[in-house]
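Chemist: Curious how this folds, go ahead:
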Amino acid sequence: MTTARQLTEPTALSMALVQPLLDRAIAGGAPAVEVFAPVTGHKIADLPQSSTGDIETAFATARTAQREWARRSVRQRVAVLRKFHDIVLAEQDTILDIVQTETGKSRAHAFDEVGDVAVNARYYASVAGRLLATRKPRGVLPVLTQVDVRHRPKGVVAVISPWNYPLALAVSDALPALVAGNAVVARPDNQTALTALWAIDAAERAGLPRGLWQAVLGRGAVIGGAVIARADYVDYTGSSATGRTIAQQAGERLIGYSLELGGKNPLLVLADADASLAARIAIRACFASAGQLCESMERIYVHDKVYDQFVGEFVEHVRAIELGGALDYASDMGSLTFQRQLDTVGAHVDDAVAKGATVLAGGKARPDLGPYFYEPTVLTGVRPGMTVYREETFGPVVSIYRVGSDDEAVEQANDTAYGLNASVWTKDVGRGRAVAARINAGSVNVNEGFIAAWGSADAPSGGLGISGTGRRHGPEGLLKYIDTQTIAVQRMFPIAPLPGMSEELWAKTMTLYFGVMKALRQR
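Modeler: Residues are numbered from 1 along each chain as shown. Below you'll find the predicted structure:
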């Protein structure tokens with residue numbers, strides 16, 4: 001049975017910390033809403049909400065600040081990211097308390113967010129100068145045609161971030177936008193707004209001009225349209241259903257957008273895998289942040305040869321997971337964040353059991369620990385017709401399936417409309433790469449769950465299918481926030497027939513030129 005660690009006293013954030021952060025929000029024109037801590041049910045704050053006027057003010061201020069920021073050198077912008085990196089690490093206890101209080105996740109899983117922000121701040125500080133430098137590609141007539149390709153910031157980027165990873169997803173998308181010369185107007189989820197506001201405060205203490213990165217507050221259904229209507233680019237992380245709506249709204253305005261959406265991610269344990277290692281590491285892959293992670297694994301396909309060993313050890317590890325909500329590292333997994341998540345998890349498990357699935361571990365809520373705790377759950381016997389078979393649960397539930405070959409595992413893994421992340425386990429790295437290449441997912445980790453791909457900041461991350469479009473991380477994660485401008489200067493002779501030359505002779509001359517360039521293997 002899953003163990004638990006009871007809270008001895010309520011966790012709370014002091015108003016001395018909370019109120020200055022609330023004052024940073026561009027909000028107050030609409031009635032405030034109450035926000036509660038998932039673990040204890042105690043109120044965190046009366047959160048101000050933004051009116052249309054507040055949103056208009058935020059964008060107007062951001063545009064003014066952006067014009068001055070864009071004139072600064074890349075080196076000056078990079079200096080802010082480097083200082084921000086240091087502040088986040090130095091003040092991690094404070095931001096970990098905020099993240100845990102707002103989300104209910106364990107401290108170890110909250111630290112994943114601190115690490116993500118530090119890695120991305122360091123990475124974009126390191127590569128921004130190269131990525132944003134003016135390029136000088138070959139002109140149509142070498143020497144005579146000189147070309148510069150310059151980068152221009154989009155303007156004001158809207159970063160609409162969810163509640164499940166409030167630091168990583170609010171900040172790691174904003175940093176490349178800012179270093180590229182843009183302003184950012186953030187719309188964090190109400191539940192986790194303090195995390196985003198703390199990050200903005202830390203960035204300004206690192207030297208970011210006030211007004212360049214702002215937060216407006218409100219439910220997406222209420223203010224999302226007003227934010228998108230004013231943005232020059234939209235970065236959204238959340239559900240596939242909402243992603244479709246945002247894509248339509250952005251498309252009508254002909255502005256760019258990047259969407260990271262849901263996932264029903266598969267983990268494949270091949271016949272030659274180290275079953276013990278896979279069983280141990282799969283715990284974090286499945287139950288990080290109580291499974292409230294788009295990248296986490298909800299389906300495990302295990303080859304016959306290692307099925308019994310893997311399942312036996314995996315279930316043993318699951319039953320040893322310690323639940324708790326204290327602001328320390330003592331617990332392995334925390335709480336779900338909302339009643340709606342608890343309802344979804346319970347409904348998926350109950351539906352599966354009613355239709356013949358077997359619960360190997362977990363399978364029930366733990367109201368004795370807090371309002372939204374649910375035990376990490378392992379199911380077998382899941383089949384088509386059960387809700388959990390195809391729908392994303394977004395909670396601590398994983399289904400295990402037996403397979404007889406790599407081909408069967410890949411076929412089952414690809415039997416989904418989603419395509420965000422996947423994991424392959426094998427002792428043969430070449431085999432792992434080959435299987436990974438056959439899986440329809442934006443990222444595939446070999447002998448890891450999700451951190452290897454996600455944490456490699458120099459590599460792009462994003463989804464296929466209904467898991468989204470566009471990429472974060474890597475050069476793509478910065479270049480999506482800029483427009484390119486080509487400036488071509490023609491010297492000495494125009495690209496046209498010389499005086500007295502007929503168009504026919506001009507055509508023949510250029511034909512000869514094209515042939516010579518091909519023979520010389522010139523671009």
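Chemist: Got phi/psi on the nearest residue to residue 195 once chain neighbours are set aside?
Modeler: Sequence neighbours aside, residue 166 is the residue nearest to residue 195 in space, at 3.9 Å (criterion: Cβ to Cβ, 6 or more residues apart in numbering). Glycine gets a C-beta too; all of them are placed from N, C-alpha and C. Phi and psi for residue 166, reported as degrees, to the nearest 10, are phi -70, psi -30.
Chemist: For residue 166, which residues are in contact?
Modeler: 99, 102-103, 113, 188-189, 191-192, 195-196 (Cβ atoms under 8 Å, 6 or more residues apart in numbering).
Chemist: next one: residue 277
Modeler: Listed by Cβ under 8 Å, 6+ apart, the contact set of residue 277 reads 425, 447.
Chemist: quick one: buried residues of the helix or strand harbouring residue 313?
Modeler: Assigned by DSSP states H and E, residue 313 falls within helix 304-319. Residues 306-307, 309-311, 313-315, 317-319 are the ones in helix 304-319 that count as buried (16 or more other Cβ atoms under 10 Å).
Chemist: now stretch 139-156
Modeler: By 16+ other Cβ under 10 Å, the buried positions in stretch 139-156 come out as 139, 146, 151, 153-156.
Chemist: Likewise for stretch 176-191?
Modeler: Here stretch 176-191 shows 176-191 as buried, counting by 16+ other Cβ under 10 Å.
Chemist: Grab the most central residue of this protein for me.
Modeler: By Cα atoms, centre = their mean, the chain has its centre lying nearest to residue 169, at 5.1 Å.
Chemist: Can you name the residues that contact it?
Modeler: Taking Cβ under 8 Å, 6+ apart, we find residue 169 in contact with 161-162, 237.
Chemist: Among those, which one sits closest to residue 58?
Modeler: Closest approach to residue 58 among the contacts of residue 169 (Cβ to Cβ): residue 161, at 15.5 Å.
Chemist: can you tell me how far the residue nearest to residue 195 sits from residue 159?
Modeler: Using Cβ to Cβ, to the nearest Å, we find residue 166 at a distance of 12 Å from residue 159.
Chemist: Same check on residue 285?
Modeler: 27 Å.
Chemist: if you count what's nearby, which of these two comes out ahead?
Modeler: Legend: neighbour count by other Cβ atoms under 10 Å for residue 285 and residue 159, higher for residue 159 (27 against 23).
Chemist: got a list of what residue 132 touches?
Modeler: Residue 132 is in contact with 74, 151, 180-181, 478, 482, counting by Cβ under 8 Å, 6+ apart.
Chemist: again with residue 238
Modeler: Residue 238 touches 160, 162, 220, 261, counting by Cβ under 8 Å, 6+ apart.
Chemist: right, and the pair among these with maximum separation?
Modeler: It's 220 and 261 that sit farthest apart of these, by Cβ to Cβ, at 13.8 Å.
Chemist: and those two? which has more neighbours close in?
Modeler: residue 261 (26 against 20).
Chemist: Would you mind confirming that that one is in contact with residue 247?
Modeler: No: at 10.1 Å, residue 261 does not count as touching residue 247 under the criterion of Cβ atoms under 8 Å.
Chemist: for this structure, what's the longest helix?
Modeler: Using DSSP state H to define each element, the chain has its longest helix at helix 107-132.
Chemist: Now for residue 441, how many residues are close by?
Modeler: By other Cβ under 10 Å, neighbour count at residue 441 equals 24.
Chemist: Test of understanding: give the bridge partners of residue 378.
Modeler: Under the criterion DSSP bridges, residue 378 forms beta bridges with residue 361, residue 398.
Chemist: Contact partners for it?
Modeler: Applying Cβ under 8 Å, 6+ apart to residue 378 gives the contacts 314-315, 318, 359-362, 398-400.
Chemist: For those residues, which single residue is the most surrounded?
Modeler: When neighbours are counted by other Cβ under 10 Å, residue 398 leads the contacts of residue 378 with 30 neighbours.
Chemist: In contact with it, which residues are there?
Modeler: Counted by Cβ under 8 Å, 6+ apart, residue 398 has contacts 286-287, 291, 297-300, 377-379.
Chemist: Same check on residue 311?
Modeler: 302, 360, 380, 400.
Chemist: and if you look at residue 104?
Modeler: Applying Cβ under 8 Å, 6+ apart, the residues near residue 104 are 37-39, 290, 325, 334-337, 370, 372.
Chemist: Dump the residues you listed into JSON lines; add neighbour count, pLDDT and secondary structure as well.
Modeler: JSON lines is the format used below for the contacts of residue 104 (neighbours: other Cβ atoms under 10 Å; pLDDT from 0 to 100; DSSP: H, G, I helix; E, B strand; the rest coil):
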{"residue": "37", "neighbour count": "24", "pLDDT": "97", "secondary structure": "coil"}
{"residue": "38", "neighbour count": "28", "pLDDT": "97", "secondary structure": "coil"}
{"residue": "39", "neighbour count": "27", "pLDDT": "96", "secondary structure": "coil"}
{"residue": "290", "neighbour count": "31", "pLDDT": "98", "secondary structure": "helix"}
{"residue": "325", "neighbour count": "28", "pLDDT": "93", "secondary structure": "coil"}
{"residue": "334", "neighbour count": "28", "pLDDT": "98", "secondary structure": "coil"}
{"residue": "335", "neighbour count": "30", "pLDDT": "98", "secondary structure": "coil"}
{"residue": "336", "neighbour count": "30", "pLDDT": "98", "secondary structure": "coil"}
{"residue": "337", "neighbour count": "26", "pLDDT": "98", "secondary structure": "coil"}
{"residue": "370", "neighbour count": "23", "pLDDT": "96", "secondary structure": "coil"}
{"residue": "372", "neighbour count": "26", "pLDDT": "98", "secondary structure": "coil"}
